[in-house]
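Colleague: quick check, what structure comes out for this input:
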Amino acid sequence: MKVKVAVLQQSAVFFDKEACLRKAEKLARQYAAEGCKLLLFPESFLPGYPRGFDFGAVIGSRSDAGRQLYATYHANSIDLDTADKDRLEAIAHDNGLYIVMGATERRGGSLYCSMLYLSPTDGLLAVHRKIKPTGTERLIWAEAGGESLVSCETKIGRLGGLICWENYMPMARMAMYQSGVQIYLAPTADSREVWTSTLRHISLEGRCFVLGCNQYFKKSMLPDKYRPLVEDEPEEMCPGGSVIISPLGEILAGPLFGKAGALVAELDLEDITRAQLDFDVTGHYARPDIFRLSVEGMPEVVRERAD
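Modeller: Numbers count the residues shown, from 1 in each chain. Presented below is the predicted three-dimensional model:
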């Protein structure tokens, strides 16, 4: 089976959920018209990855202005118990697309860095919530448990993946491989050139297609009121680095640096079987007589309803 995919290196409309959703709707229409069946958006595309923000926090104290900034971010984050879910499902359904959306998700008073799996027929299939926010991300994002390590069996293949530096967690990666992931999604905020090496390793290790998606973002894209908060950041705050990689580690598209845009490629899922001739991380290279991975709370593979 072959499937045409698009990795969208786009910036959020910062801290503005409604404007972000409108932008997502426009992008979905555009790439559906080009024949794409799967779209991947960057980490926290809704409502923006808050690079350079400290939310008024240092060890031992928090400022009132920082608390208010958090409240604004919270108010503009996605709540799947509201019409936000209906809006996202409609984008997938109306355009006949599978969408994997990076979002900051509101659950009670806490926020999670999430990856939302949307089907054109079944709506919201699953939610992966970051199990370990990196560094000072822990200030704004709570961490999830094993129930968040999800994969989805769909008509275009089995989808799964991890967000940003979760991909440096070997056991989390192995959990994804054990779930049978074929198209591995890796939205990120890491724009280093070496990040491409990380994703090439994952493709070779998991013998899967890897789609890496980052935003392209400049300081001048921020609303005026937020720019003083990131005055020490360079103008090009995030140069991108999105990439699409084959199960043999070959770069099919990208990496894209220095501009917004999209990477489009046609994936032949039979390439996975061909690549497993000499290495299968959960098959003839697994050595279950020596190694065994147990993941607490990891759910069964989510499957679309039969036609």
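Colleague: how many neighbouring residues does residue 149 have?
Modeller: Neighbour count for residue 149, taken as other Cβ atoms under 10 Å: 24. C-beta coordinates here come from the backbone N, C-alpha and C atoms, glycine included.
Colleague: ugh, wrong one, residue 51
Modeller: Applying other Cβ under 10 Å, we find 16 residues neighbouring residue 51.
Colleague: pretty sure residue 233 sits against residue 50.
Modeller: No: with contacts counted by Cβ atoms under 8 Å, residue 233 stays clear of residue 50, the gap being 11.4 Å.
Colleague: mind exporting the C-alpha coordinates of the helix ranked longest in the chain to PDB?
Modeller: Using DSSP state H, we find that the single longest helix of the chain is helix 17-33. The C-alpha trace of helix 17-33 is given here as PDB (Å, rounded to 0.1, in the frame of the first residue of the first chain):
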ATOM      1  CA  LYS A  17      -6.600  29.000  19.600                       C
ATOM      2  CA  GLU A  18      -9.300  30.200  17.200                       C
ATOM      3  CA  ALA A  19      -6.800  31.600  14.700                       C
ATOM      4  CA  CYS A  20      -4.700  28.400  14.900                       C
ATOM      5  CA  LEU A  21      -7.800  26.300  14.200                       C
ATOM      6  CA  ARG A  22      -8.600  28.500  11.200                       C
ATOM      7  CA  LYS A  23      -5.000  28.100   9.900                       C
ATOM      8  CA  ALA A  24      -5.200  24.300  10.400                       C
ATOM      9  CA  GLU A  25      -8.500  24.200   8.400                       C
ATOM     10  CA  LYS A  26      -6.900  26.100   5.500                       C
ATOM     11  CA  LEU A  27      -3.800  23.900   5.500                       C
ATOM     12  CA  ALA A  28      -6.000  20.800   5.600                       C
ATOM     13  CA  ARG A  29      -8.000  21.900   2.500                       C
ATOM     14  CA  GLN A  30      -4.800  22.800   0.700                       C
ATOM     15  CA  TYR A  31      -3.000  19.500   1.200                       C
ATOM     16  CA  ALA A  32      -6.100  17.300   0.800                       C
ATOM     17  CA  ALA A  33      -6.500  18.900  -2.700                       C
END
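Colleague: which residues sit against it?
Modeller: 6, 8, 10, 12-13, 39, 41, 45-48, 76-78, 84, 87-88, 91-92, 94-97, 99, 101, 262, 264 (Cβ atoms under 8 Å, 6 or more residues apart in numbering).
Colleague: got it, and stretch 298-307?
Modeller: In contact with stretch 298-307 (Cβ under 8 Å, 6+ apart) are residues 117, 119, 121-122, 125-126, 146-147, 149-155, 158, 175, 179-180.
Colleague: redo that, cut-off 6 Å
Modeller: The list of residues contacting stretch 298-307 from outside it, by Cβ atoms under 6 Å, 6 or more residues apart in numbering, reads 119, 122, 125, 126, 146, 149, 151, 152, 153, 154, 179.
Colleague: follow-up on the earlier one: so for residue 233 and residue 50, which residue has more residues nearby?
Modeller: Using other Cβ under 10 Å, the more surrounded residue of residue 233 and residue 50 is residue 50, with 23 against 17.
Colleague: gap between the more buried one and residue 43?
Modeller: Between residue 50 and residue 43 the computed distance is 11 Å (Cβ to Cβ, to the nearest Å).
Colleague: all set, thanks.
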